[in-house]
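Visitor: here is my input, please return the structure:
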Amino acid sequence: MTRIDLNADLGEGFGRWRLTDDEQLLSVVTSANVACGFHAGDAVTMRRVCELAAERGVRIGAQVSYRDLAGFGRRAMDVPPDELAAEVAYQIGALEVFARAAGSRVAYVKPHGALYNRVVHDEEQAAAVVEGITLAGAGTGTGGLPVLGLPSSRFLKVAERAGLPVVTEAFADRAYTEEGTLVPRTQQGAVITDAGTVVERSLGLARFGVVTSHTGERVPVRARSLCLHGDTPGAVELAHRVRARLESSGVRVEAFA
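Guide: Predicted coordinates for the structure are as follows:
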């Protein structure tokens, strides 16, 4: 049977401002990418989301980012590798406190926004992120934390060399290039907003490992996890539709091993 993990970016609020409907999305997804305070999120939000995720048996992941609250972590930045490694470890460690207090743990790591896109091609930045993940794992006793990323990215290759488990990821609501990378958000059409299209792309990715690029080519994208963005209008309803379509088509939705 085909299996797929559903992950979503959660905890992306700050103070009294909330962006994602964490409670509702946690009834759909199997893995929660929790913002760790650098692009969004704060201590209270992190604690709340970890408690909700633990109650529902949803796996908790650290969504690490450049230090960019004003730009939501989506602005290109040049951070020295030693500084980036320390900041990645810092974010994971902060989330680990709340995950353990909720009776769970940080089970994986996923970069966010500009950092996610940077480490697809930039080996130096990818190595810094992996160093930070390794440092955080050693500090908490969890060992090699799995990482989520695009197939064939430098990030996953560096992580594999470091002995970290890797999990390939796909996006049903993002446009792809013919090389299998994401079309930058600065380009028109980078985000797919038609719900029916997103649902069918989800099924195509889960069952057949293919997606149509923005120029019309069929691109192989073998992924174990499918991201559902929580910051788009109608995100909860769309997530329910995606999961229902997958399960009715014989796809088993479960967290990655």
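
Visitor: all strands of this protein, in order?
Guide: Assigned by DSSP state E, the strands in the chain fall at 3-10, 31-35, 59-64, 106-111, 147-149, 166-171, 210-212, 218-220, 225-227, 252-253.

Visitor: show me what the first one is packed against.
Guide: Looking back up the chat, that one is strand 3-10. helix 22-25, strand 31-35, strand 225-227, helix 235-248, strand 252-253 (3 or more Cβ pairs under 8 Å, 6 or more residues apart in numbering; DSSP states H and E). Where you see a C-beta, it was placed from the backbone N, CA and C, and this is true even at glycine.

Visitor: tell me, how many residues neighbour the residue nearest to D122 when sequence neighbours are not counted?
Guide: Counting by Cβ to Cβ, 6 or more residues apart in numbering, D122 lies nearest to R154, which is 6.6 Å off, once chain neighbours are set aside. Applying the criterion other Cβ atoms under 10 Å, we find 19 residues in the vicinity of R154.

Visitor: repeat for P165
Guide: Look at P165: counted by other Cβ under 10 Å, it has 14 neighbours.

Visitor: how far away is it from S153?
Guide: P165 is 15 Å from S153, where distance means Cβ to Cβ, to the nearest Å.

Visitor: buried ones in the lowest-mean-pLDDT helix or strand in the chain?
Guide: Every helix and strand in the chain was compared by mean pLDDT, DSSP states H and E; the lowest is helix 123-140, with a mean of 90. By neighbour count on 16 or more other Cβ atoms under 10 Å, the buried set for helix 123-140 is 125-137, 140.

Visitor: which ones are touching the residue nearest to D122?
Guide: Shown in contact with R154 (Cβ atoms under 8 Å, 6 or more residues apart in numbering): V119, V120, H121, D122, E123, A126.

Visitor: the second one: what's its closest spatial neighbour, skipping adjacent residues?
Guide: The spatial neighbour of V120 that comes closest, neighbours along the chain excluded (Cβ to Cβ, 6+ apart), is S153 at 4.3 Å.

Visitor: correct me, but the one you found touches N117?
Guide: No. S153 is beyond contact range of N117, at 9.5 Å (criterion: Cβ atoms under 8 Å).

Visitor: of these two, give the one with the bigger neighbour count.
Guide: Neighbour totals were compared for S153 and N117, and S153 leads with 24 against 19 (other Cβ under 10 Å).

Visitor: distance of the more buried one from T168?
Guide: Using Cβ to Cβ, one obtains 9 Å as the distance from S153 to T168.

Visitor: residue ranges with poor pLDDT in the stretch 51-200 of the chain?
Guide: The model of the stretch 51-200 of the chain has pLDDT under 70 over residues 138-143.

Visitor: mind jotting down where the helices sit in it?
Guide: Counting by DSSP state H, counting those that start in this stretch, the stretch 51-200 of the chain has these helices, from start to end: 81-101, 113-121, 123-140, 154-161, 195-208.

Visitor: to A175, which of these lies closest?
Guide: helix 195-208 (10.1 Å; Cβ to Cβ).

Visitor: buried set for the closest one?
Guide: Residues V198, V199, R201, S202, L203, G204, L205, A206 are the ones in helix 195-208 that count as buried (16+ other Cβ under 10 Å).

Visitor: ok, of those, which one's closest to E87?
Guide: E87 lies nearest to L205 out of these, by Cβ to Cβ, at 31.4 Å.
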